[in-house]
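# pasting the structure only:
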């Protein structure tokens, strides 16, 4: 058997770099592959030619911090028979805490009096919330420790509307952005919509973020699609998802707030357009295997370029004019380079293969990586 070794060279909170060596023990290595927890992390990588010894490097990325991983490598001969494998283990480091807390709740906790407004705040954090800072009309008013609780703004003027803000701070000193709430003392005014914005747009759904206020409390919130009511919520803030929509279609999404006395706000609207559906993945008409003849037909190649343009339109980019392949004519390096350049411009998750010059060999792995790169576009 071949002598195979793998060593972890360095580790961060999100990646581990390794090196792997191969020394022949009865066969020449042509391919190798790195694995993470038993699952392939690299592709089946090909060496330029079979070798009796080599050292290869790989970086496992996108890892979780403070996590142990089993890492391994396998070398294969030209027929993809296993020549030898080796494994090691490594734990990633703990990531520094740079994540600020998130305000989960910030609402009026009961009814406002002539001189005070009670509020409730809650927050979450990846490593623990320490407390809150409170603001009245942008000026610091007081603080509170803990991850949730009530806070009452006092010394207010009757019949006056205030902007009440909160920031959460964690055990590492990170501070959230300010979340604000508007409230009025004493009088019963009509409710109002404070926020109405898009959180996420899908093909058939649109998620909207909203927040509403009333001096004596919000009763419920009504939602509209093109002026037709489609739903109700009894929360004064949060996310609401409009579903059953058509793809690539313009809609006017509306919101009204009704207070506990039955007074209604004016409708607030926002024009939104749903996304286009993602094109289906591309597949070759026939498999492209190593050690086989170059077997791409003109029809296959032209179908590939058409699919590339489908993805461009999906991403909101105009079509590219590719040179059409013609049956019986030579396949040119420019055809190949145009395709990988255009796919690369759409930021695929899977890396594109290298460009080619006239006379270069085009491997099955190159052809398959073109497909995999295109299909990795989200």
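Structure's in. What do you need? In this text the structure is predicted, and so the values were computed from the model without any measurement.
# Tell me where the stretch 251-378 of the chain has strands.
With DSSP state E, counting those that start in this stretch as the criterion, the stretch 251-378 of the chain has strands at 268-273.
# Whatever helix or strand residue 88 lives in pairs with which strands?
If you go by DSSP states H and E, residue 88 is part of strand 82-91. Here strand 82-91 is paired, per DSSP bridges, with strand 68-76 (antiparallel).
# related to what we said a few turns ago, rounded mean pLDDT for the following helix or strand past the strand holding residue 88, please.
Using DSSP H and E, the helix or strand that directly follows strand 82-91 along the chain is strand 102-108. For strand 102-108, mean pLDDT rounds to 97.
# In this structure, where is pLDDT below threshold?
For the chain, the stretches with pLDDT under 70 are 1, 188.
# Pop the domain breakdown of it in here.
3-91, 102-184, 192-273, 298-375 (automatic domain parsing).
# mind giving me CSV with those and columns for distance to residue 286 and mean neighbour count?
Bear in mind the C-beta positions are built from the backbone N, C-alpha and C, glycine included. Converted to CSV, these look like this (distance: least, Cβ to Cβ, whole Å; neighbours: other Cβ atoms under 10 Å):
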stretch, distance to residue 286, mean neighbour count
domain 3-91, 19, 16
domain 102-184, 49, 17
domain 192-273, 32, 16
domain 298-375, 8, 15
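# Please produce JSON lines containing those domains, extended by distance to residue 287.
As requested, those are exported to JSON lines (distance: least, Cβ to Cβ, whole Å):
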{"stretch": "domain 3-91", "distance to residue 287": "14"}
{"stretch": "domain 102-184", "distance to residue 287": "45"}
{"stretch": "domain 192-273", "distance to residue 287": "31"}
{"stretch": "domain 298-375", "distance to residue 287": "9"}
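# Go through the ones you listed and name the closest to residue 284.
domain 298-375 (6.1 Å; Cβ to Cβ).
# for the closest one, how far is the first residue from the last?
20 Å (Cα to Cα, to the nearest Å).
# ok now do the nearest residue to residue 115 once chain neighbours are set aside, which residues does it touch?
Distance criterion Cβ to Cβ, 6 or more residues apart in numbering; nearest residue to residue 115, sequence neighbours excluded, is residue 156 at 5.2 Å. By Cβ atoms under 8 Å, 6 or more residues apart in numbering, residue 156 lies in contact with 114, 115, 116, 117, 136, 162, 185.
# swap the cut-off to 10 Å and go again
Contacts for residue 156 were tallied using Cβ atoms under 10 Å, 6 or more residues apart in numbering; they are 112-117, 136, 162, 164, 183-186.
# Among those, pick out the one closest to residue 199, please.
The closest of the contacts of residue 156 to residue 199 turns out to be residue 164 (Cβ to Cβ; 23.0 Å).
# Double-check that closest one against residue 119; I have them as touching.
Yes - taking contacts as Cβ atoms under 10 Å, residue 164 lies within contact range of residue 119: 5.9 Å.
# Just give me the longest helix of this structure.
Using DSSP state H, we find that the single longest helix of the chain is helix 298-314.
# packing partners for it?
On a contact count with 3 or more Cβ pairs under 10 Å, 6 or more residues apart in numbering; DSSP states H and E, helix 298-314 meets helix 333-344, helix 364-375.
# Skip ahead from the helix or strand where residue 131 lies and say which helix or strand is next.
For residue 131, the host element (DSSP H and E) is strand 129-136. The helix or strand immediately downstream of strand 129-136 is strand 139-145, counting by DSSP H and E.
# And that next one, how far out from the chain middle?
35 Å (Cα atoms, centre = their mean, to the nearest Å).
# any idea of the angle the helix or strand just after that strand forms with strand 139-145?
Going down the chain from strand 139-145, the next helix or strand is strand 148-153, by DSSP H and E. Interaxial angle, strand 148-153 versus strand 139-145 (axes from the mean of the first three to the mean of the last three Cα atoms, to 10 degrees): 150 degrees.
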